[in-house]
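Asks: Sequence first, then the predicted structure:
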Amino acid sequence: MELYTTIASIKEALEIGRSKGFTIGFVPTMGALHIGHLSLVEEAGKLCDIVVVSIFVNPTQFNDPNDLANYPRTLESDMKLLSPIRCDCVFAPTVGEMYPDPDQRKFDFGNLERVMEGRFRPGHFNGVAQIVSKLFDIIRPNKAFFGQKDFQQLAIINELVRQKGYPVEIIPCPIVRENDGLAMSSRNRLLLPQYRECAPLIYITLLEAKKLSSKKSVEEIREYVVDQINGSNLLEVEYFDIVDDRYLTSIENWSTSGGKIGCIAVFAGKVRLIDNIIFDL
Ligand code: PAF
């Protein structure tokens, strides 16, 4: 496993592999790696000849300066976690390397960027698109791997690829959970013990909502989820919506055609957690 910190050096290394006909699998991350990330890296190793992981806390996707300042930066332990699995290149550039000049590009993802995360984190997806497009230009992967926990991000990335015509296949990977059901996230390590203890209620409630969905209306399920989670006193729902899985528009009844997914953001103290569940009615 090699560590690259400059764009020129990673491009040069990958060009050698590409000229030999090797395929490149890419896992973009912001570091603070956990088993969820490792599952993406393993999947990339199964499907591609060269595995590249980027570790870069991208400032342009943070709309809250405190969140950016507090985001865990753990390059050394990240490298240790990656060493037993197949990861050929780690790309960990500085902010100056990725943004020598401010990135003024504005993307337009329509409804996909206006709802849920987009509504509560203005500019977030523009920042994600800025960094992911830069990374795709540098790495030029054949396949790129994204976790389904960030369901809306996945929809945005698919749309970015469609709009810009990137020759990359986006591979969605399932959510990996702790034993108690909490979706794995780099932010979990920031949870104070009392919040960590009650955070599994998020997934417990989503599972219960899925069970109840054969008996209750969409609106009743929305209310149920918010009431259950807010009822814990330590957790506060920022949003919960049930949307169609393509355009992310709110659905009004279960008979709406296509896939349906419930997406949630919850504050556990100062830490913001997201999760989702598929309603297969
Ligand atoms: O999902 C993430 O960790 C980030 O949004 C990503 C895709 C690495 C871009 O910074």
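Replies: Right, received. Where do you want to start?
Asks: Give me the distance between the closest residue in space to Lys149 that isn't next to it in sequence and Asp150.
Replies: Of all residues not flanking Lys149 in the chain, Ile175 sits nearest, at 4.7 Å (Cβ to Cβ, 6 or more residues apart in numbering). Heads up, the C-betas are built off the backbone N, CA and C, glycines and all. Per Cβ to Cβ, to the nearest Å, Ile175 is found 9 Å from Asp150.
Asks: now do Phe109
Replies: Going from Phe109 to Asp150 by Cβ to Cβ gives 14 Å.
Asks: Then Pro141?
Replies: On the measure of Cβ to Cβ, Pro141 and Asp150 end up 18 Å apart.
Asks: These two: which is more packed in?
Replies: Pro141 (26 against 18; other Cβ atoms under 10 Å).
Asks: Next, the more buried one: secondary structure please.
Replies: Here Pro141 is coil, with the state taken from DSSP: H, G, I helix; E, B strand; the rest coil.
Asks: Now do the same for the nearest residue to it once chain neighbours are set aside: its pLDDT.
Replies: For Pro141, ignoring the flanking residues on the chain, the nearest one in space by Cβ to Cβ, 6+ apart is Phe26 at 3.5 Å. The model reports Phe26 with a pLDDT of 99.
Asks: Surely Phe26 touches Ile138?
Replies: No - checked against Cβ atoms under 8 Å, the pair Phe26 and Ile138 is beyond contact range at 9.7 Å.
Asks: which one of those two has more residues nearby?
Replies: Taking neighbours as other Cβ under 10 Å, Phe26 and Ile138 compare with Phe26 leading, 29 against 20.
Asks: Now do the contacts for Ser261.
Replies: Not Ser; residue 261 is Ile. By Cβ atoms under 8 Å, 6 or more residues apart in numbering, the contact set of Ile261 is Phe151, Ile242, Val243, Asp244, Asp245, Asn276, Ile277, Ile278, Phe279.
Asks: same check, this time on Glu113
Replies: Phe107, Phe125, Asn126, Ile156.
Asks: Many thanks, I have nothing further to ask.
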